[in-house]
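1. Any chance you can model this:
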Amino acid sequence: QLQLVESGGGLVQPGGSLRLSCVRSGVILDNYAIGWFRQAPGKEREGVSCISTSDGTTRYADSVKGRFAISRDNAKNTVYLQMDSLEFEDTAVYYCAAEPGVLTGCILWHDEYDYWGQGTQVTVSS
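-> Below is the predicted model of the structure:
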């Protein structure tokens, strides 16, 4: 059973930065699509960014392009989300999700992912 654990959330002022980590454990395969999603109170879960662990393809939501960067370290079974120039609207619980067996590319749609972490809170406040 694949398990995902997120870390790195916290409280930050507008314009600040955080780096989230998503570590995979349990049954580890070679190829995944890994996605970061977020959900703010009263809002639907939305895709933020995703990456293919195989070919490194990345995708970003328009709202975070130029501010967030996703990366992978396959040797550590870890995907990172570097978040810069944070805004009030970025406040949410951030979830890491994985879909095994994906050979190339990734999709920013939550129904595509079978495995989810417990989430980490990101709060942007002055």
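
2. which SS state does residue 15 fall under?
-> In three-state terms, and counting by DSSP: H, G, I helix; E, B strand; the rest coil, residue 15 is coil.

3. Apart from its neighbours in sequence, what residue is nearest it?
-> Once flanking residues are discounted, residue 15 sits nearest to residue 85: 6.0 Å by CB to CB, 6 or more residues apart in numbering. Every residue, glycine included, has its C-beta placed from N, CA and C.

4. Could you measure from the residue nearest to the spatial centre of the chain over to residue 69?
-> Most central in the chain under CA atoms, centre = their mean is residue 36, positioned 2.3 Å from the mean C-alpha point. Per CB to CB, to the nearest Å, residue 36 is found 11 Å from residue 69.

5. can you check residue 126 too?
-> Residue 126 sits at a distance of 24 Å from residue 69 (criterion: CB to CB).

6. which residues does residue 32 contact?
-> When contacts are counted by CB atoms under 8 Å, 6 or more residues apart in numbering, residue 32 touches 24, 52, 53, 54, 98, 99, 100, 101, 102.

7. is the closest residue to the third one other than its chain neighbours in a bridge, and if so with what?
-> In this case it means residue 53. Spatial nearest neighbour of residue 53, excluding adjacent residues (CB to CB, 6+ apart): residue 32 at 4.6 Å. Beta-bridge partners for residue 32, by DSSP bridges, are residue 100.

8. The helix or strand containing residue 35: which residues count as buried?
-> Per DSSP states H and E, residue 35 falls inside strand 32-39. Neighbour-count burial for strand 32-39, counted by 16 or more other CB atoms under 10 Å, picks out 32, 33, 34, 35, 36, 37, 38.

9. Residue 28 and residue 77 touch, don't they?
-> Yes - contact status for residue 28 versus residue 77: in contact at 6.0 Å, counting by CB atoms under 8 Å.

10. Looking at the two now, which is surrounded by more residues?
-> Each of residue 28 and residue 77 has its neighbours counted (other CB atoms under 10 Å); residue 77 has more, 17 against 11.

11. For that one, give me the pLDDT.
-> Here, the pLDDT recorded for residue 77 equals 93.
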